[in-house]
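Engineer: Give me a 3D structure for the following:
(one chain, ligands or ions: 1)
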Amino acid sequence: MNQSLPPSSLWHPYAQMLTSPTAPTVVGGEGARFHLQGGETLIDATCSWWCMIHGYGHPRLVKAIKDQADTLCHVMLGGLSHEPAQRLADTLVRITPAGLNHVFFSDSGSVGMEVAMKMAVQYQVQRGQPEKHRMLSLMGAYHGDTTGCMAVCDPEEGMHALFAGFLPRHHFAPAPRAGYHATREAIDTDIAALRATLERCHTETAALLMEPMLQAAGGLNMTSPAYVRAARELCDEFDILLIFDEVATGFGRTGKLFAAEHAGVTPDIMVLSKGLTGGYLGHAATLATSSVFAAFLSDDPGRAFMHGPTFMGNPLACRVALESLAVFEEEAYLDKIAGLNTILREELQEDGDLIGNSRIADVRVLGATAVIEVHDDADLDGAQAFARSRGVWLRPFGRWLYTMPAYVTTHDEMRRITGVMKDWFATTSSSH
Ligand SMILES: *Cc1c(COP(=O)(O)O)cnc(C)c1O
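Structural biologist: Residues are numbered from 1 along each chain as shown. Predicted coordinates:
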């Protein structure tokens, strides 16, 4: 029996270890490219699960980590403080939507979301509304892989259906389907569906969770600013908190620094991770408004927020996050993102061949994100190997062939990525 086991000691994520091809070994990289053992170089069209926004081997980020390592690698935030965490908290308060004034750190996007949900439930308890103890999430949502997060991912299409009997039950509203430029009528249909769900469940709901503007791992579904604004108004009307999961959308991915800015909305709680450190170390931040924070202030120690990941506010992570944000501002990354967006729209959305291809259901572009959605996921079988043979690292999932490039991707590299995405459909059309 043992002999038939694959030899790998390293268990890869989302991988059938018996049948998956051996994962190529990355030995280094710079800019949008990484190098494989054996000499191959690939342009990373995914920037490593969307977090390596400055690309690989960025000199300033590497130096920030080295400098901080010389000073202080770690100290707990339990009863102690340090400058990188204080400065990063101040900076995040400055750059996020007005009103988010308090920052709770943790070590990953999933834990940042767990913190947000726990904060929302305790907030409701401390306001005398303990019956408001469930979440309202959206179909198509992805909020992470820890059990609390699994329970608010799309229960049908998400990756966690197997665990349905194990997870707490929450409420779900239909996924908003009207895109960025949708008609008012289509948007109103989405909003009406959210309202109808809220009318049913608000008395036992602590918070509405959403990935504003872009449901990422749930299929790169893009929504409208009007929907996000309506979500804010409905949460106020039904007296529940609004939590924005900006783990994927934060730090420029949708074309604004934060997706909330498309709608001019401040959520009550907002979660950041992926791009926070430029991808150089795992970290997350859960931000709260003063009104949420105030609900935890009391003479009674039992009303404190009883949470504290060991590595929260790690100095190395905070220091590299500060450097990442400095580079982002000094080098006008929002302009770089706008440049990439122009290419994505020209090459993918305005391309006659893609529009006319019957296997393609939709092409969507927002900020530095583009996706070609097919009708049948079998149509993407082999796309990854095809891209690799042309020097590009793509990682399609389900029915979605997408790119979320590093913002330092050159225009030439961006066109090579879109070229490979288009060529896949041109080259394989005859075989289907
Ligand atoms: C990736 C992601 C998470 C989970 O973050 P991890 O760091 O992988 O735990 C949560 N929400 C969204 C929207 C994400 O894209």
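Engineer: What residue in the stretch 1-150 of the chain comes nearest to the ligand?
Structural biologist: When distances are taken as CB to the nearest ligand atom, the stretch 1-150 of the chain reaches nearest to the ligand at residue 109, 2.2 Å away. Just so you know, the C-beta spots here come from the backbone N, C-alpha and C atoms, and that holds for glycine as well.
Engineer: Assess the claim that that residue and residue 276 are in contact.
Structural biologist: No: with contact defined as CB atoms under 8 Å, residue 109 does not count as touching residue 276 (9.0 Å).
Engineer: residues shared between the contacts of these two?
Structural biologist: Between them, residue 109 and residue 276 share these contacting residues under CB atoms under 8 Å, 6 or more residues apart in numbering: residue 284.
Engineer: quick one on the thing from earlier: residues touching the residue of the stretch 1-150 of the chain closest to the ligand, list them.
Structural biologist: For residue 109, the contacting residues are 144, 245, 247, 271, 273, 274, 284, by CB under 8 Å, 6+ apart.
Engineer: how many other residues sit next to the residue nearest to residue 414 when sequence neighbours are not counted?
Structural biologist: In this structure, residue 414 finds its nearest non-sequential neighbour in residue 343, 4.7 Å apart by CB to CB, 6 or more residues apart in numbering. The tally of other residues near residue 343 (other CB atoms under 10 Å) stands at 21.
Engineer: Flag every residue of the stretch 1-150 of the chain that's near the ligand.
Structural biologist: Within the stretch 1-150 of the chain, the positions lying close to the ligand (CB under 6 Å from any ligand atom) are 108, 109, 110, 113, 142, 143, 144.
Engineer: Ranking by neighbours, what's the top pick from those residues?
Structural biologist: If you rank those by neighbour count (other CB under 10 Å), residue 143 sits at the top with 32 neighbours.
Engineer: where does it land in three-state SS?
Structural biologist: Three states are possible here, and by DSSP: H, G, I helix; E, B strand; the rest coil the one that applies to residue 143 is coil.
Engineer: Could you tell me the per-residue confidence at the nearest residue to it once chain neighbours are set aside?
Structural biologist: The shortest distance from residue 143 to any residue other than its chain neighbours is 4.6 Å, reached at residue 149 (CB to CB, 6+ apart). At residue 149 the predicted local distance difference test score is 96.
Engineer: Residue 149 falls within a strand, correct?
Structural biologist: No: according to three-state DSSP, residue 149 belongs to no strand; its state is helix.
Engineer: Give me the neighbour count for it.
Structural biologist: Other residues close to residue 149 by other CB under 10 Å number 25.
Engineer: repeat for residue 396
Structural biologist: Residue 396 is surrounded by 22 other residues when neighbours are defined as other CB under 10 Å.
Engineer: So it is in contact with residue 385, correct?
Structural biologist: No: counting by CB under 8 Å, residue 396 sits too far from residue 385 to count as a contact (11.0 Å).
Engineer: Redo the contacts of residue 109 as JSON lines? Include secondary structure and pLDDT.
Structural biologist: What follows is the contacts of residue 109, written out as JSON lines (DSSP: H, G, I helix; E, B strand; the rest coil; pLDDT from 0 to 100):
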{"residue": "144", "secondary structure": "coil", "pLDDT": "96"}
{"residue": "245", "secondary structure": "strand", "pLDDT": "98"}
{"residue": "247", "secondary structure": "coil", "pLDDT": "98"}
{"residue": "271", "secondary structure": "strand", "pLDDT": "99"}
{"residue": "273", "secondary structure": "coil", "pLDDT": "98"}
{"residue": "274", "secondary structure": "helix", "pLDDT": "98"}
{"residue": "284", "secondary structure": "strand", "pLDDT": "98"}
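Engineer: Show me the helices in this structure, by range?
Structural biologist: Along the chain, the stretches classed as helices by DSSP state H are 47-50, 59-71, 83-95, 109-126, 147-150, 184-201, 225-237, 260-263, 290-294, 315-330, 333-344, 352-356, 383-389, 411-428.
Engineer: Lowest average confidence across these, which one?
Structural biologist: The stretch with the lowest average pLDDT out of the helices of the chain is helix 352-356, scoring a mean of 83.
Engineer: buried residues in that helix?
Structural biologist: Neighbour counts over helix 352-356 (16 or more other CB atoms under 10 Å) mark residue 354 as buried.
Engineer: what's that helix packed up against?
Structural biologist: Judged by 3 or more CB pairs under 8 Å, 6 or more residues apart in numbering; DSSP states H and E, the packing partners of helix 352-356 are strand 360-366, helix 411-428.
Engineer: among those, which is nearest the ligand?
Structural biologist: Among the helices and strands packed on helix 352-356, the nearest to the ligand by CB to the nearest ligand atom is strand 360-366 (14.2 Å).
Engineer: Give me the distance from the closest one to the chain's centre.
Structural biologist: When distances are taken as CA atoms, centre = their mean, to the nearest Å, strand 360-366 is centred 19 Å away from the chain's centroid.
Engineer: Ok, stretch 99-115 next?
Structural biologist: The gap between where stretch 99-115 is centred and where its chain is centred comes out at 13 Å by CA atoms, centre = their mean.
Engineer: Stretch 180-194 now?
Structural biologist: Shown here is stretch 180-194, whose average C-alpha point lies 23 Å from the average C-alpha point of the whole chain (CA atoms, centre = their mean).
Engineer: For stretch 374-387, give me every contacting residue.
Structural biologist: For stretch 374-387, the external contacting residues (CB under 8 Å, 6+ apart) are 45, 359-361, 393-396, 398-401, 420-421, 423-424, 427-428, 432.
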